[in-house]
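Engineer: sequence first, then the predicted structure, then my questions.
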Amino acid sequence: DIQMTQSPSSLSASVGDRVTITCRASQGISNYLAWYQQKPGKVPKLLIYAASTLQSGVPSRFSGSGSGTDFTLTISSLQSEDVATYYCQKYNSAPGFGPGTKVDIK
Amino acid sequence: QVQLVQSGAEVKKPGASVKVSCKASGYTFTRYDMNWVRQAPGQGLEWMGWVNPNSGNTGYALKFQGRVTMTMNTAISTAYMELSGLRSEDTAVYYCARDPAGVWSAFDLWGQGTMVTVSS
């Protein structure tokens, strides 16, 4: 079973900061990697799929990169509305989620 | 519009079963698999399994095999998830989420969630 890990588990940054979240798979998953945003009390929302493809309607300050086992989600300029928990997900074979990274404003 | 609408909150006693429905609208139901994901209070997302609308084939996470059954009724564009032998640890919000049938893909549309509470 492929395990997904994320770091950090939480972070606090200022509005306008560049924020990077890392996701690692215990085995290679090519680019079958998605990122979701879940705001408090809300439904998860797909941000990025295929490791780096932005879902329609998602602001361009979000970007993804990586392949194989190591992936990153970057928010180029953090906004107050980006306060949320971010999850990576592998979706080849049996899907699985990372434990999440909680992002808030300093 | 394109949406998944789930059934309402449930309260069940330990050992009971719960069946959650997820009605799709605004898209061709048979072109997408349906997945079920749950989230315990204050915890992360946990994938439970998927069901294909054309074949009825299913794939369940090892943790839930033997306790979960996922089905679809294509005539009414509705997917179902039934979980039996409920215990307190099954208290969670249960989401349905679609992905294109036959290919590995991310979940681009989610239901609003159904809260299931297991309590004596």
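Structural biologist: On my side now, so go ahead. Numbering: from 1, shown residues only, chains lettered A, B, ... in the order given.

Engineer: element containing the spatially most central residue of chain A, please.
Structural biologist: Taking Cα atoms, centre = their mean as the criterion, residue A:35 is the residue nearest the geometric centre of chain A, at 3.9 Å. Assigned by DSSP states H and E, residue A:35 belongs to strand A:33-38.

Engineer: give me the mean pLDDT for that strand.
Structural biologist: For strand A:33-38, the per-residue pLDDT values average out at 98.

Engineer: is chain B within reach of it?
Structural biologist: Yes. Strand A:33-38 reaches chain B (Cβ under 8 Å from any Cβ of the partner chain) through A:34, A:36, A:38. C-beta here means a position set from N, CA and C on the backbone, and glycine is covered the same way.

Engineer: just send the residues you listed back as CSV, with neighbour count and distance to residue B:91 too.
Structural biologist: Formatted as CSV, those follow (neighbours: other Cβ atoms under 10 Å in any protein chain shown; distance: Cβ to Cβ, whole Å):
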residue, neighbour count, distance to residue B:91
A:34, 28, 26
A:36, 27, 22
A:38, 19, 18
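
Engineer: and of those, the nearest to chain B?
Structural biologist: residue A:34 (3.7 Å; Cβ to the nearest Cβ).

Engineer: now that closest one: closest residue in space, sequence neighbours ignored.
Structural biologist: Nearest in space to residue A:34, with sequence neighbours left out and distances taken as Cβ to Cβ, 6 or more residues apart in numbering or on different chains, is residue B:106 at 3.7 Å.

Engineer: cool, and residue B:47?
Structural biologist: Residue B:47 sits nearest to residue A:95 (Cβ to Cβ, 6+ apart), 4.5 Å away.
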